[in-house]
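Novice: need a 3D model of the following:
(chains A and B)
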Amino acid sequence: MTKSEAVSWYRIQEMFRFQAFHMYGIIGTAVTLGVAGVALIKRFRMRDFSGNPIMFNPKEKSVLRYLIGGSIFGLGWALSGACPGPMVVNIGYGYWAMVIVFFFALVGTYLYGLIKNKLPH
Amino acid sequence: MIAAIMFFLLYFGQSFGFSSNLRTICSAAGLGKSTKFFDFDWKTQSWNLVFLVGAILGGFIAREFLSTDAPVLISEATIQDLAKLGIAAPESLQPAELFGLDAILSIKGFLLLAFGGLMVGFGSRYAGGCTSGHAISGLSDLQVPSLIAVVGFFIGGLLMTYLFLPLIF
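Specialist: Just a heads-up that it's a prediction; the model follows:
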């Protein structure tokens, strides 16, 4: 992740400004390989290490929650330049400021848990 | 590489999604007693926490053994756009304007990071996943909800980039 620079604020800005192929290449490669692999798993009904069939849980059908939740996530992503995974990679790298971001991501998760039932889903 | 990790997790009966860890940590901190959303057996999710620890270690290893700490080579167009916001061209992985000591000790800088984190945490749970869960795992399974979520990521991201960042800086 660090070597691909996907953990860099600059790269996220570049992505949202559509000024380089870099991030789209990374995500696109992962998704292309992912689509092919998932199709193979389903086609051959592959099993995991304990012999259970590998299941794909369909996500709940809804539009609102994905659109609103996704937009809020996007606002935070473009501001802090990090989604949850890269946050901790950055902490490991020595960017201690990310501890603040990560802590408040926990607070945000907690807030969602608190008011979940009052939100449109 | 990212796809390889996703299949590795699928093989071990799990799924690839990082933001669930945030919920797991809330639960492990005992918040399940007061809030139902965090009332589950978080130990079943400990594999994902291992992934989190691995990500921290990965960052550390990258700095100590792999990195030359070279500036990120973003495009010239981005450098110029950011210069208009008062953010200098990259000297390393992250801008000092946001993550440097001076920035986090100022009220504005601290609030920016705090709000950014807050929205990432809140939004990812509301949308049921983050970049790894939706954009990578979900799209790999050709799931429509994930596509909607990714559209949402970009609505928010573009609003922040073009509307709010110029107002903030």
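Novice: so the residue lying farthest from the centre of chain A versus residue B:46, what's the distance?
Specialist: Centroid-distance maximum for chain A: residue A:51 at 28.5 Å, with CA atoms, centre = their mean. According to CB to CB, to the nearest Å, residue A:51 stands 22 Å off from residue B:46. Glycine gets a C-beta too; all of them are placed from N, C-alpha and C.
Novice: kindly report the same for residue A:52.
Specialist: 19 Å.
Novice: can you tell me the closest non-neighbouring residue to residue B:32?
Specialist: In space, and not counting its chain neighbours, residue B:32 is closest to residue B:39: 3.7 Å by CB to CB, 6 or more residues apart in numbering or on different chains.
Novice: can you give the distance of the lengthiest helix in chain B from its chain's centre?
Specialist: In chain B, assigned by DSSP state H, the helix with the most residues is helix B:107-126. Mean C-alpha position of helix B:107-126 versus that of the full chain (CA atoms, centre = their mean, to the nearest Å) differs by 11 Å.
Novice: and the contacts of whichever strand or helix holds residue A:111?
Specialist: Under the criterion DSSP states H and E, the helix or strand holding residue A:111 is helix A:97-115. Under the criterion CB atoms under 8 Å, 6 or more residues apart in numbering or on different chains, residues A:76, A:80, A:82, A:84, A:87-88, A:90-91, A:119, B:19, B:22-23, B:25-26, B:31, B:35-38, B:98-100, B:103-104, B:110, B:113-126 lie in contact with helix A:97-115.
Novice: CA atoms only: put the worst-scoring helix or strand of chain B on mean pLDDT into PDB for me.
Specialist: Least confident element among the helices and strands of chain B, by mean pLDDT, DSSP states H and E: helix B:2-11 (a mean of 77). The C-alpha trace of helix B:2-11 is given here as PDB (Å, rounded to 0.1, in the frame of the first residue of the first chain):
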ATOM      1  CA  ILE B   2      -4.900  -6.400  -3.200                       C
ATOM      2  CA  ALA B   3      -7.000  -8.900  -5.100                       C
ATOM      3  CA  ALA B   4      -4.700 -11.700  -3.800                       C
ATOM      4  CA  ILE B   5      -5.400 -10.600  -0.200                       C
ATOM      5  CA  MET B   6      -9.100 -10.600  -0.900                       C
ATOM      6  CA  PHE B   7      -9.000 -14.200  -2.200                       C
ATOM      7  CA  PHE B   8      -6.800 -15.200   0.700                       C
ATOM      8  CA  LEU B   9      -9.400 -14.000   3.200                       C
ATOM      9  CA  LEU B  10     -12.300 -15.600   1.200                       C
ATOM     10  CA  TYR B  11     -10.400 -18.900   1.400                       C
END
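Novice: elements contacting that helix?
Specialist: In terms of contacts (3 or more CB pairs under 8 Å, 6 or more residues apart in numbering or on different chains; DSSP states H and E), helix B:2-11 is packed against helix A:22-43.
Novice: show me what counts as buried in the helix it packs on.
Specialist: Going by neighbour count (16 or more other CB atoms under 10 Å in any protein chain shown), the buried part of helix A:22-43 is A:22-23, A:26-27, A:30-31, A:33-34, A:37-38, A:41.
Novice: excluding covalently adjacent residues, which one is nearest to residue 45?
Specialist: Just going to use chain A. Nearest non-adjacent residue to residue A:45 (CB to CB, 6+ apart): residue A:53, at 6.2 Å.
Novice: chain B, not that one
Specialist: Per CB to CB, 6+ apart, closest to residue B:45 is residue B:24, 4.3 Å.
Novice: what about the strand or helix carrying residue B:149, average pLDDT?
Specialist: If you go by DSSP H and E, residue B:149 is part of helix B:144-159. Averaged over helix B:144-159, pLDDT sits at 95.
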